[in-house]
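Asker: Structure for this input, please:
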Amino acid sequence: MTRVVILGGGAAGMAAAVFASEAGLSVDLYEQNEKLGKKLFITGKGRCNFTNVCTPEEFLENTVSNRKFLYSAINGFTPSDTMNFFRGLGLAVKEERGRRAFPESDHSSDVIRALERRMKKNGVKVHLNTKLSGWEELKSKADIDDNTPVILACGGLSYPSTGATGSGYAFARELGLGVTDMRPALVPLETAEAYIPKLQGLSLKNCTLTVKKGKKTLYTAFGEMLFTHFGISGPLALSASSYIGRELEKEPLPAEVDLKPALTGEMLDARLVREFEMNINRRFKNSLSALFPAKLVPVIVELSGIDPEKNVNAVSRKERESFGSLIKAFPFTLTALRPYTEAVITQGGIKVKEINPKTFEAKNRPNVYFIGEELDVDALTGGYNLQIAWSTAYAAVQGILEKEKKQHGISDSD
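Answerer: Have a look, this model is predicted:
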């Protein structure tokens, strides 16, 4: 029986252990923590959005880095396959808004337990509290040689409290593979302006965030955003971080929010005219309650340049039109990504050109496979990044099985 050694007991490592043991392989899984799945436990705010029930094509559209590299993997083990996989492990699952998939219980621990139960049933040997700092130590402690298939599923750098150290990158470098620059991704963003912290706690449900560099638009999308004491968070900010991270590391970037994206400039001006007519004897600062949340009013009044004490009937057309432009492009400056302690994933990692995209075997190192977050692949929020873990784990195990068949002269027709 072929023996497989897996380093890392997160989502990708556990899945690989199940896939390999289901295929009849002998599996040893090494994990540095005292238990498996520590990061998986906190994903989705503890609910574990484990995939997105979309087509492979839609999945690739939501992949940010190196989507072509994932083509074979996502078609080999699709989100639909993931749903069936977990149902087969006895996990009740459900689909929510945006086709996000969760355990029916809303407990990430049930996802971990489902994987652990199957590993135990299949005789996977789990070695907890085992930190392996280099290839030679791994070879010694795991008792392997160059012919032993080894799957490295060490994760990235996000959420270091879960034990994330980036050890997979160190292994890759030791084995002669290249590693790209890394940064936090799907992470909140810091801003420069003093008026942003005044909006702390304000959530915008329907707005459009746009980030530019010169005349080039780096990111624009419609959705939800949250103001914080340091800047912005929420789905729009997290997604933006994955697209603008590289540029934001070089210099601050101007951003703007369209507070009324459903209205054209002309429609908004007509709306302002109606609001001003309804509040004709009020002061400007007291005329906007129907347009904006209370916390936003004093800030946008200040930015408008219109005297807050001025009566609405004294606001000029030019002032009103300028105010409309402010509403359509509420400005601020992005200055930095928040740290890895707040990041959902790591962007960057092991260079994909040095990995076989069908099997995830290192091109320069036979029998060594790299899967999951340690690779230079990442996607948006919504279950896509965990799908990368499942699909790459499946591909690696299939690669091992195919190699075993060839070694034993077994064809698919046998």
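Asker: can you count the residues close to the residue lying closest to E96 once chain neighbours are set aside?
Answerer: Leaving aside its sequence neighbours, E96 sits nearest to F102 (CB to CB, 6 or more residues apart in numbering; 6.2 Å). The C-beta positions use only the backbone N, C-alpha and C, and glycine is treated the same way. Neighbourhood size, F102 [other CB atoms under 10 Å]: 21.
Asker: Tell me which helix or strand F102 sits in.
Answerer: If you go by DSSP states H and E, F102 is part of strand 100-103.
Asker: With G223 instead?
Answerer: Here G223 is assigned to strand 216-227, by DSSP H and E.
Asker: these two touch, right, L386 and T51?
Answerer: Yes: L386 is within contact range of T51, at 6.1 Å (criterion: CB atoms under 8 Å).
Asker: one step back: for the residue nearest to E96, give me its contacts.
Answerer: By CB atoms under 8 Å, 6 or more residues apart in numbering, the contact set of F102 is 44, 47-50, 93-94, 96.
Asker: Which single one of the residues you listed is nearest to I6?
Answerer: The nearest member of the contacts of F102 to I6, counting by CB to CB, is F50 at 19.2 Å.
Asker: excluding its backbone neighbours, what's nearest that closest one?
Answerer: Using CB to CB, 6+ apart and skipping the chain neighbours, the partner closest in space to F50 is L386 (5.1 Å).
Asker: ok, the closest residue to T78 other than its chain neighbours to S304 distance?
Answerer: Once flanking residues are discounted, T78 sits nearest to P56: 5.5 Å by CB to CB, 6+ apart. According to CB to CB, to the nearest Å, P56 and S304 sit 48 Å apart.
Asker: and what of G234?
Answerer: Taking CB to CB, one finds G234 at 24 Å from S304.
Asker: what's the burial count for A396?
Answerer: A count of nearby residues for A396, using other CB under 10 Å, gives 32.
Asker: Secondary structure element for it, which one?
Answerer: In this structure, A396 is located in helix 384-407 according to DSSP H and E.
Asker: residues of that helix that come out buried?
Answerer: Using 16 or more other CB atoms under 10 Å as the test for burial, helix 384-407 gives 384-401, 403.
Asker: Also stretch 8-28?
Answerer: Buried residues in stretch 8-28 (16+ other CB under 10 Å): 8-23, 25, 27-28.
Asker: okay, how far is it across it, tip to tip?
Answerer: 11 Å (CA to CA, to the nearest Å).
Asker: just stretch 140-147 next, same as before
Answerer: Start and end residues of stretch 140-147 are separated by 14 Å (CA to CA).
Asker: List the buried residues of it.
Answerer: Neighbour-count burial for stretch 140-147, with 16+ other CB under 10 Å as criterion, is recorded at 142, 144.
Asker: Can you give the contact residues for that stretch?
Answerer: With CB under 8 Å, 6+ apart, stretch 140-147 has contacts from 5, 28, 30, 130, 132, 138-139, 148, 150, 366-367.
Asker: repeat that for 7 Å
Answerer: 5, 28, 30, 132, 150, 367 (CB atoms under 7 Å, 6 or more residues apart in numbering).
Asker: From the chain's centroid, how far away is stretch 329-340?
Answerer: Taking CA atoms, centre = their mean, to the nearest Å, one finds stretch 329-340 lying 18 Å from the centre of the chain it belongs to.
Asker: For it, buried residues please.
Answerer: Applying 16+ other CB under 10 Å to stretch 329-340 flags 330, 332, 334-338, 340 as buried.
Asker: would you list those residues in CSV and tack on secondary structure?
Answerer: Output for the buried residues of stretch 329-340, formatted as CSV (DSSP: H, G, I helix; E, B strand; the rest coil):
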residue, secondary structure
F330, strand
F332, strand
L334, strand
T335, strand
A336, strand
L337, strand
R338, coil
Y340, helix
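Asker: so which two of these are the farthest from each other?
Answerer: F330 and Y340 (29.1 Å).
Asker: so S233 touches P188, yeah?
Answerer: Yes: between S233 and P188 a contact is recorded at 3.9 Å, counting by CB atoms under 7 Å.
Asker: which residues are common contacts for these two?
Answerer: Common neighbours of S233 and P188, using CB under 7 Å, 6+ apart, do not exist here.
Asker: So E34, which state does it fall into?
Answerer: Secondary structure for E34, judged by three-state DSSP, is coil.
Asker: how deep is it tucked in, by neighbour count?
Answerer: Neighbour tally, E34, other CB under 10 Å: 9.
Asker: Okay, buried residues for the host helix or strand of M119 please.
Answerer: In the assignment (DSSP H and E), M119 maps to helix 108-121. Across helix 108-121, burial judged by 16+ other CB under 10 Å covers 108, 110-116, 118-119.
Asker: Run me through the strand neighbours of the next helix or strand after it, direction for each.
Answerer: Following helix 108-121 in sequence order, the next helix or strand is strand 125-127 (DSSP H and E). Sheet pairing for strand 125-127, assigned by DSSP bridges, gives strand 26-30 (parallel).
Asker: For the partner strand, what is the distance to the chain centroid?
Answerer: 28 Å.
Asker: relative to helix 384-407, how tilted is it?
Answerer: 140 degrees (axes from the mean of the first three to the mean of the last three CA atoms, to 10 degrees).
Asker: and after strand 26-30, which helix or strand comes next?
Answerer: Heading C-terminal from strand 26-30 (DSSP H and E), you reach helix 38-42.
Asker: So which other helices or strands are in contact with that next one?
Answerer: helix 108-121 (3 or more CB pairs under 7 Å, 6 or more residues apart in numbering; DSSP states H and E).
Asker: What helices and strands are in contact with the helix it packs on?
Answerer: Helices and strands touching helix 108-121, by 3+ CB pairs under 7 Å, 6+ apart, are helix 11-22, helix 38-42.
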